[in-house]
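Participant: Just a sequence and a predicted model for now, questions to come.
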Amino acid sequence: MLEIEMITKNYPYCAFDTEFPGFLRSSPRDALQEVRYEDLKFNVDRLKLIQIGFSFSDKNGNKPPVSTYQFNFNDFDPRKDAYVSASIDLLTRNGIDMEKNLREGVDPGIFSGWFTQIMIRNPNMKWITFHGFYDLGYLMKTLMRNTPLPSSLGGFLKGVRVTLRNVYDVKYMSRFCNGLLGGKLGLERLGSIMNVERLQCIFTISPL
């Protein structure tokens, strides 16, 4: 956390992504924003964040020597917490060890306390996500120490503005850029069109 605090002074752009136990309720693609938020709140309030990753850069895309950090949390227990089997199977196949998380993962309350202080000391951080409605929902829930999300979409967006200040959703932005298929594309396809190389990250685990 001390490393991250130092990094954000010169590399304030933070791309982030979350992993969670699936969707208990899903909205149709053409649903109104308010309906989509009702489902987001229903899911996020009842499910627990499993993992969050951050990657830092400056406004020109330059990165520090260590730029990417991944946190696995210790309070999701598939023996007693709600989840969708297909989602947990996918995460397990991609290397997330749920039992190890329970033993060695980060306490989300401790994480929230540290990370909130980083944000206070570095108010110019910029947040970057891709199709990040749920990423924002789980990040806000974690920073608010598992407080239920606001009852309305307007209340949620106000909370995001006050807490995170500057948020950029790349998928939404791509809708307005020539050659990006009107935003109807996934992250891998977007990277291919823009000639961005996909890199395999190697993580080292250290105590909090």
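Facilitator: In hand now; what should we look at?

Participant: quick one, helices of this protein?
Facilitator: With helices called from DSSP state H, the chain shows them at 2-10, 33-46, 85-93, 98-104, 108-121, 133-143, 153-164, 170-174, 187-193.

Participant: For this structure, give me the ranges with low pLDDT.
Facilitator: Regions of the chain meeting the criterion pLDDT under 70 cover residues 200-208.

Participant: mind running it again at 50?
Facilitator: For the chain, the stretches with pLDDT under 50 are 207-208.

Participant: circling back: winner for burial among the helices of the chain?
Facilitator: Most buried of these by mean neighbour count (mean count of other C-beta atoms under 10 Å) is helix 133-143; its value is a mean of 21. Where you see a C-beta, it was placed from the backbone N, CA and C, and this is true even at glycine.

Participant: helices and strands around that one, which ones?
Facilitator: strand 13-19, helix 33-46, strand 51-57, helix 108-121, helix 153-164 (3 or more C-beta pairs under 8 Å, 6 or more residues apart in numbering; DSSP states H and E).

Participant: Out of the ones you listed, flag the one nearest Tyr172.
Facilitator: helix 33-46 (12.1 Å; C-beta to C-beta).

Participant: Could you tell me the angle between that closest one and helix 153-164?
Facilitator: Per axes from the mean of the first three to the mean of the last three C-alpha atoms, to 10 degrees, the angle that helix 33-46 makes with helix 153-164 is 60 degrees.

Participant: Now do the contacts for the nearest residue to Phe16 once chain neighbours are set aside.
Facilitator: Nearest non-adjacent residue to Phe16, counting by C-beta to C-beta, 6 or more residues apart in numbering: Phe54, 5.0 Å away. For Phe54, the contacting residues are Ile4, Cys14, Ala15, Phe16, Thr68, Tyr69, Gln70, by C-beta atoms under 8 Å, 6 or more residues apart in numbering.

Participant: hmm, which of those are the buried ones?
Facilitator: For those, a burial check counting by 16 or more other C-beta atoms under 10 Å picks out Ile4, Cys14, Ala15, Phe16, Tyr69.

Participant: what's the farthest-apart pair in those residues?
Facilitator: It's Ile4 and Ala15 that sit farthest apart of the buried ones among the contacts of Phe54, by C-beta to C-beta, at 13.4 Å.
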